[in-house]
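build the 3D model from these lines:
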Amino acid sequence: MVKQNKKIIMLNEVEAKRILGQAGIPVIDTRLARTKQEAVSLSGEIGFPVVLKIVSPDVVHKSDAGGVKVGLANAAQVRKAYTEIITSIKEKVPGARIEGVSVQKMARPGVEVIIGMTEDDQFGPVIMFGLGGIWVEAIRDVAFRVVPVSARDADEMVHEIKGVAALRGYRGQEPIKISSLTKLITRISRFIEKNPQVKELDINPLIASGDGVVAVDARIVMKP
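Residues are numbered from 1 along each chain as shown. Here you go, the predicted structure:
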């Protein structure tokens, strides 16, 4: 459901991923379950193991509020996780509007990165790239460029961050295809150019692996 006021329109995770997928940005299959039984049914369609996440415009940090359950391997675990998520959100975020719970396939392990966009008062849309997940707030290892972002700009962004060593295959880990990241950054830049109504974009995390990248969470804020 779209959250709207006089200033912004906020899309939920499922809606944001649908729009990004239509723009050619790789996203993990994510569906909205409004009931426990629907979550079980969707999990069977998507295929185990799955991840459940709260969908609410009032819950920003889903994990901190107990709104995320990962690695669910069967229907019984999904039922239990759904109940625990709803109960936790009602306790920790009283009055939160709950639209449902998202169901998505458990992503392959990899390096978590982030790509985001905000509007600067002077320069206009600015794209950010860096290490994602909890590292965004912990170490702020990010790089910025003004839209439009060229392939050369994107490559420089990836190599500017200190965490680039993790992308190259740190301590025996599988190296990431840097080209898949640079292509994605430029694709998002074109998406922003074609959709000036987008005020903010936050794809965090993107899971980067030897096979490429895929968005497992996303948020879009649009101008009214």
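
outline the domain layout of this structure.
Domain segmentation of the chain under automatic domain parsing yields 29-105, 111-222.

which one of those domains lies closest to residue 20?
With respect to residue 20, and counting by CB to CB, the nearest of those is domain 111-222 at 5.9 Å. The C-beta positions use only the backbone N, C-alpha and C, and glycine is treated the same way.

run the chain-centre distance for the closest one.
Taking the mean of its C-alpha atoms, domain 111-222 sits 11 Å from the chain's own mean (CA atoms, centre = their mean, to the nearest Å).

so which of the domains of the chain is nearest residue 23?
With distances scored as CB to CB, the stretch of these nearest to residue 23 is domain 111-222 (4.6 Å).

quick one: the closest residue to residue 158 other than its chain neighbours from residue 64, how far?
Leaving out its chain neighbours, the residue that sits closest to residue 158 by CB to CB, 6 or more residues apart in numbering is residue 181, at 5.3 Å. For residue 181, the distance to residue 64 under the criterion CB to CB, to the nearest Å works out to 28 Å.

over to residue 175?
For residue 175, the distance to residue 64 under the criterion CB to CB works out to 32 Å.

export the helix or strand that contains residue 101 as PDB, just CAs?
With elements taken from DSSP states H and E, the one containing residue 101 is strand 100-105. The C-alpha coordinates for strand 100-105 follow below in PDB (Å, rounded to 0.1, in the frame of the first residue of the first chain):
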ATOM      1  CA  GLY A 100       1.300  -7.600   6.000                       C
ATOM      2  CA  VAL A 101       4.500  -9.600   5.800                       C
ATOM      3  CA  SER A 102       6.700  -9.900   2.700                       C
ATOM      4  CA  VAL A 103       7.800 -13.400   1.600                       C
ATOM      5  CA  GLN A 104      11.000 -13.800  -0.400                       C
ATOM      6  CA  LYS A 105      13.400 -16.500  -1.400                       C
END
